[in-house]
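Asks: no letters, just coordinates:
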C-alpha cells in the first residue's frame, strides 16, 4: 500500500496528447533536436522556433515541461504558436535523462541539477533573460529557478501549475476521468528498489528498462486524470521516453523541500497563470504562485490538468498576455 501512495504522485505531472476531432489537422512530426552540451555535464535536446510578425522580441520564451522524468510533447510546439505570432522565439528542451536528452548516471538526477541545468542552458543560449513557460512540474522548477536567479527572468507563464514548492496539498481526482489505478508488479518493484537504493539501483535496473516501465504506467493507467469527468476529449498515445530514476529522485527532493521565497517576492514579474476548473491540483497552490509572482489567474471552464478542453480560452489568454504584459520585454 505504501508504494501505491508514492505512485499516485506521478499523475500530477503527466503531459498528454489529445485525439484530434474530425477535420482537425494532426500536429506535424517533431523535428530533429539540436543537442546542446552544458557546463553541468548534461546534454539536452532542444528545439527553437522563430517568432513572427513586425514586433520581434530578442528575449525567447523557454518551455519547462512537466515531470519530473518526462519530456516535451509534440503538441507543445503547436501551443506555442500564439507566442510566436506575438514575436517571441519559443525554445523547448527535454530535461536531463528524459525524451531525446542524454542520460546521466542514475545518481546524478536531483532537483538541484535541474535548476543548474536551466541556468547553464540560459548561458549556452547567450541570453541575458528568459521568459519562462512552466507547465505542471515545470512551474515548480520555474519558481525555484526564479527565486535563485530573479534577474534572469523577464516574464512568467504558468499552465496547469503543479504543487507550489514545499506545499503539501492534497490532490483531488474526483472531478477527473481517472478510474481506479492498478499498478503492475514490475513497476512497483522498480519503484521500491529506486526508493531504497537511489542511483545504486542502476546496477541491476538499467535506466532504459525502468523507463519503459514508467512509460507503460503513464500510458496505460494515469492519463485520464488530464481531463474532466465525462469529457468528450479523449487522451491518445504518448511517444515514450520517460525516466523513472529522474522521477523518483527529483520527487524525493521535492518532498523534502523547505521553501521560503527570497528573491522573487520583491521583484514582481509579468505573470499569467492558466488553470482548468477541474484540475486535480488544488486551487490554493495556484494562489501561492500568484502571491509570489503577481499577475492574473485565468480559470478555464470544464477543463482538466491537461488543458485539452476549451482550448480557445487558453489561446486567447496567452495571446493577450504576450501582446499585453509581455510587450515591454526586449
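Replies: That came through, no problem. Owing to the predicted nature of the structure, the values given are computational and were not obtained by experimental measurement. Numbering: from 1, shown residues only.
Asks: C-alpha from now on. contacts and neighbour counts both.
Replies: Will do.
Asks: regarding the protein, what is its longest strand?
Replies: Identified as the longest strand of the chain according to DSSP state E is strand 153-161.
Asks: buried residues in the helix or strand following that strand, which are they?
Replies: Once strand 153-161 ends, the next helix or strand along the chain (criterion: DSSP states H and E) is helix 185-197. Using 16 or more other C-alpha atoms under 10 Å as the test for burial, helix 185-197 gives 187, 190-195.
Asks: and stretch 121-138, how far out from the chain's middle?
Replies: In this view, stretch 121-138 has its centroid 13 Å away from the chain centroid, taken as C-alpha atoms, centre = their mean, to the nearest Å.
Asks: residue ranges with poor pLDDT in the stretch 201-330 of the chain?
Replies: Per-residue confidence for the stretch 201-330 of the chain (pLDDT under 70) gives these ranges: 221, 235-236, 263-267.
Asks: okay, helices next: where are they in the stretch 201-330 of the chain?
Replies: Counting by DSSP state H, counting those that start in this stretch, the stretch 201-330 of the chain has helices at residues 207-217, 244-256, 283-293, 311-323.
Asks: closest to residue 46 out of these?
Replies: Taking C-alpha to C-alpha, helix 244-256 is the member of these nearest to residue 46, at 18.5 Å.
Asks: list the buried ones in the closest one?
Replies: For helix 244-256, the buried set under the neighbour-count rule, 16+ other C-alpha under 10 Å, comprises 244-252, 254.
Asks: and if you look at stretch 313-329?
Replies: Using 16+ other C-alpha under 10 Å as the test for burial, stretch 313-329 gives 313-315, 317-323, 326-327, 329.
Asks: quick one: it to chain centroid distance?
Replies: How far stretch 313-329 lies from its chain's middle: 20 Å, per C-alpha atoms, centre = their mean.
Asks: contacts for that stretch, please.
Replies: By C-alpha atoms under 8 Å, 6 or more residues apart in numbering, the residues outside stretch 313-329 that reach it are 57, 59, 79, 82-83, 86, 154-155, 270-272, 274, 298, 300, 307.
Asks: which one among the residues you listed gets closest to residue 69?
Replies: Using C-alpha to C-alpha, residue 307 comes nearest to residue 69 of those, at 20.4 Å.
Asks: and that closest one, backbone torsions?
Replies: Phi and psi for residue 307, reported as degrees, to the nearest 10, are phi 50, psi 40.
Asks: neighbours of the closest residue to it other than its chain neighbours, how many?
Replies: Once flanking residues are discounted, residue 307 sits nearest to residue 276: 6.1 Å by C-alpha to C-alpha, 6 or more residues apart in numbering. Residue 276 has 28 neighbours, counted by other C-alpha atoms under 10 Å.
Asks: kindly report the same for residue 275.
Replies: Around residue 275 there are 25 residues (other C-alpha under 10 Å).
Asks: contact partners for it?
Replies: Counting by C-alpha under 8 Å, 6+ apart, residue 275 touches 159-161, 286, 297-300, 305, 307.
Asks: before we move on, the earlier item: dump the helices of the stretch 201-330 of the chain into JSON lines; add distance to residue 144 as well.
Replies: Shown next, in JSON lines, are these (distance: least, C-alpha to C-alpha, whole Å):
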{"stretch": "helix 207-217", "distance to residue 144": "25"}
{"stretch": "helix 244-256", "distance to residue 144": "11"}
{"stretch": "helix 283-293", "distance to residue 144": "11"}
{"stretch": "helix 311-323", "distance to residue 144": "22"}
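Asks: with that, I have no additional questions.
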